[in-house]
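Peer 1: sequence? don't have it. structure:
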């Protein structure tokens, strides 16, 4: 029972990480007609998406471990 739960969580984490890395590798093309009239520049690098995802994952982990610790203290 415990091994199945652990296996499911590891598979879920693996799929999540693969999708995050795949999303981070795609770079949208530069705009064809920039509004400023100058040569079009590339949009922000994919690292910006990683920064947002890392922040979101950090908040989730902090909340998870805080709740887990409170449960342990109550018992």
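Peer 2: Perfect, thanks for sending it. Since the model is a prediction, treat every value here as computed from it, not as a measurement.
Peer 1: so where's the chain shaky on pLDDT?
Peer 2: 1-2, 28-49, 73-75 (pLDDT under 70).
Peer 1: so is residue 60 in a helix, a strand, or just coil?
Peer 2: Counting by DSSP: H, G, I helix; E, B strand; the rest coil, the backbone at residue 60 sits in helix.
Peer 1: Count the residues that sit near it.
Peer 2: 10 (other C-beta atoms under 10 Å). Glycine gets a C-beta too; all of them are placed from N, C-alpha and C.
Peer 1: any idea how far it is from residue 12?
Peer 2: 13 Å (C-beta to C-beta, to the nearest Å).
Peer 1: Then residue 23?
Peer 2: Counting by C-beta to C-beta, the gap from residue 23 to residue 12 is 17 Å.
Peer 1: can you check residue 72 too?
Peer 2: On the measure of C-beta to C-beta, residue 72 and residue 12 end up 24 Å apart.
Peer 1: How many residues are close by residue 50?
Peer 2: Neighbours of residue 50 using other C-beta under 10 Å come to 14.
Peer 1: dump the residue contacts of it.
Peer 2: 20, 24 (C-beta atoms under 8 Å, 6 or more residues apart in numbering).
Peer 1: In contact with residue 20, which residues are there?
Peer 2: 50, 53 are the contacts of residue 20 under C-beta under 8 Å, 6+ apart.
Peer 1: where's it, which helix or strand?
Peer 2: helix 2-25 (DSSP states H and E).
Peer 1: Could you pull out the buried residues of that helix?
Peer 2: By 16 or more other C-beta atoms under 10 Å, helix 2-25 has no buried positions at all.
Peer 1: Against residue 11, how distant is residue 4?
Peer 2: 11 Å.
Peer 1: now swap in residue 52 and tell me
Peer 2: Taking C-beta to C-beta, one finds residue 52 at 24 Å from residue 11.
Peer 1: do residue 25 as well
Peer 2: Relative to residue 11, and taking C-beta to C-beta, residue 25 is found at 21 Å.
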